[in-house]
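*Asks:* I'll drop the sequence and a predicted model, then ask my questions.
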Amino acid sequence: MLILCAVIIVVAEYLFLSGDQMHGLFVGLWAPTLLGVMIYLKLVRDGRE
């Protein structure tokens, strides 16, 4: 998942810098969302144990 987040950040920067700024911002918001989901799932898993 962390590698996927890194790839998303690279793609978002490419889109943003190539002139497609709105798509770059849209894709760039996926990485923090995935990180938030990962943190949530870890908290849920740790809460069960």
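*Replies:* Yes, it's here.
*Asks:* nearest residue to residue 24 other than its sequence neighbours?
*Replies:* residue 16 (3.0 Å; C-beta to C-beta, 6 or more residues apart in numbering). For the C-beta atoms, the positions are set from N, CA and C on the backbone; glycine is no exception.
*Asks:* Now do the lengthiest helix in the chain: distance to the chain's middle.
*Replies:* Longest helix of the chain, by residue count under DSSP state H: helix 30-48. For helix 30-48, the separation from the chain centroid amounts to 12 Å (computed by C-alpha atoms, centre = their mean, to the nearest Å).
*Asks:* what comes up buried for that helix?
*Replies:* residue 31 (16 or more other C-beta atoms under 10 Å).
*Asks:* Only alpha carbons, please: show it as PDB.
*Replies:* Coordinates of each C-alpha in helix 30-48 appear next as PDB, following Å, rounded to 0.1, in the frame of the first residue of the first chain:
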ATOM      1  CA  TRP A  30      -5.900   9.700  -3.200                       C
ATOM      2  CA  ALA A  31      -2.600   9.100  -1.400                       C
ATOM      3  CA  PRO A  32      -3.700  10.800   1.900                       C
ATOM      4  CA  THR A  33      -7.000   9.000   1.700                       C
ATOM      5  CA  LEU A  34      -5.300   5.600   1.300                       C
ATOM      6  CA  LEU A  35      -3.000   6.400   4.200                       C
ATOM      7  CA  GLY A  36      -6.000   7.300   6.400                       C
ATOM      8  CA  VAL A  37      -7.700   4.000   5.500                       C
ATOM      9  CA  MET A  38      -4.500   2.100   6.400                       C
ATOM     10  CA  ILE A  39      -4.300   3.900   9.700                       C
ATOM     11  CA  TYR A  40      -8.000   3.200  10.400                       C
ATOM     12  CA  LEU A  41      -7.600  -0.500   9.600                       C
ATOM     13  CA  LYS A  42      -4.600  -0.800  11.800                       C
ATOM     14  CA  LEU A  43      -6.500   0.800  14.700                       C
ATOM     15  CA  VAL A  44      -9.400  -1.500  14.200                       C
ATOM     16  CA  ARG A  45      -7.100  -4.500  14.100                       C
ATOM     17  CA  ASP A  46      -5.200  -3.400  17.200                       C
ATOM     18  CA  GLY A  47      -8.500  -2.800  19.100                       C
ATOM     19  CA  ARG A  48      -9.600  -6.400  18.600                       C
END
